[in-house]
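A.B. asks: just coords:
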């Protein structure tokens, strides 16, 4: 039996009168890249925020590594979150810090971490994304694609078991988007991470996905591989892949 590392069960979330998520059920398996594909505003980002407790669902539950997060104390939830990495749309780098300082930031709470170990971890993370030479640059000196790579390096530095990618190719040109998508695939192969990739970029989904779930109007309307969904008999689903 395949290991389940994350699960949403009958999840519902509304904001005011708008029902964003309606009875969502999904599992994430160990080492799997799961793509949640949908148009902008369809509730994709809300889904992963509920999964890690950044947003409280109105109903249903989110389970991480076998634990219902709504039943955890704050310190227990924070420990669990350390096993999860995030890559935000903007990469969320600190503009006033160099690349090196941005990567040092997640390591600040680690005990018995000396400067030599920290330097080695930073250089390894940058090497994994092909940006060793950018270690002392400021974010303002980097291209959009480089910023995404640094954001991923900062995510990788703590060796997460799950990575949540929120629109990883948004704002990038097609060539750079393909490079980031291939990098996501490389990270999966090298570290056996499980990932949820939130996107409306069909090219990113084609490259990265082991499995795709399509969300529309707050519900999952289809699940399968890229090949299965792109040849669906449903006209709306099939048109999504053109």
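C.D. replies: Received, thanks. Everything numeric in this text was worked out from a predicted model, so none of it was measured.

A.B. asks: Flag the shaky bits of the protein, pLDDT-wise.
C.D. replies: Residue ranges of the chain with pLDDT under 70: 1-2, 109-116.

A.B. asks: so where do the strands sit in it?
C.D. replies: Taking DSSP state E, the strands of the chain run over residues 4-15, 18-29, 33-37, 59-64, 67-68, 84-87, 162-166, 194-199, 211-216, 219-224.

A.B. asks: who touches the shortest one?
C.D. replies: Contacts of strand 67-68 with the rest of the structure, by CB atoms under 8 Å, 6 or more residues apart in numbering, involve 61-62, 76, 80. C-beta coordinates here come from the backbone N, C-alpha and C atoms, glycine included.

A.B. asks: Would you mind getting the angle between the top helix by length along the chain and strand 162-166?
C.D. replies: Ranked by residue count and defined by DSSP state H, the top helix of the chain is helix 174-191. Counting by axes from the mean of the first three to the mean of the last three CA atoms, to 10 degrees, helix 174-191 lies at 170 degrees to strand 162-166.

A.B. asks: tilt between helix 174-191 and strand 33-37?
C.D. replies: With the same axes, to 10 degrees applied, the angle from helix 174-191 to strand 33-37 works out at 140 degrees.

A.B. asks: got the domain boundaries for the protein?
C.D. replies: 1-83+162-242, 93-159 (automatic domain parsing).

A.B. asks: from memory residue 205 sits against residue 35, does it?
C.D. replies: Yes - with contact defined as CB atoms under 8 Å, residue 205 reaches residue 35; the gap is 4.6 Å.

A.B. asks: out of these two, which sits in the busier spot?
C.D. replies: residue 35 (27 against 24; other CB atoms under 10 Å).

A.B. asks: so what's that one closest to, chain neighbours aside?
C.D. replies: The shortest distance from residue 35 to any non-neighbouring residue, by CB to CB, 6 or more residues apart in numbering, is to residue 209 (4.0 Å).

A.B. asks: isn't the one you found right up against residue 165?
C.D. replies: No - counting by CB under 8 Å, residue 209 sits too far from residue 165 to count as a contact (11.5 Å).

A.B. asks: neighbour-wise, which of those two wins?
C.D. replies: Neighbour count, other CB under 10 Å: between residue 209 and residue 165, residue 165 has more, with 30 against 25.

A.B. asks: Between residue 205 and residue 35, which contacts overlap?
C.D. replies: 197, 199, 212.

A.B. asks: that older thread, reformat the strands of the chain as TSV; add distance to residue 51.
C.D. replies: Shown next, in TSV, are the strands of the chain (distance: least, CB to CB, whole Å):
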stretch	distance to residue 51
strand 4-15	6
strand 18-29	9
strand 33-37	11
strand 59-64	5
strand 67-68	12
strand 84-87	9
strand 162-166	7
strand 194-199	8
strand 211-216	13
strand 219-224	14
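
A.B. asks: Can you say which of those is nearest to residue 151?
C.D. replies: Among the strands of the chain, strand 84-87 comes nearest to residue 151, with 5.4 Å by CB to CB.

A.B. asks: That closest one packs against which elements?
C.D. replies: helix 144-156, strand 162-166 (3 or more CB pairs under 8 Å, 6 or more residues apart in numbering; DSSP states H and E).

A.B. asks: closest to residue 20 out of these?
C.D. replies: Closest approach to residue 20 among those (CB to CB): strand 162-166, 15.2 Å.
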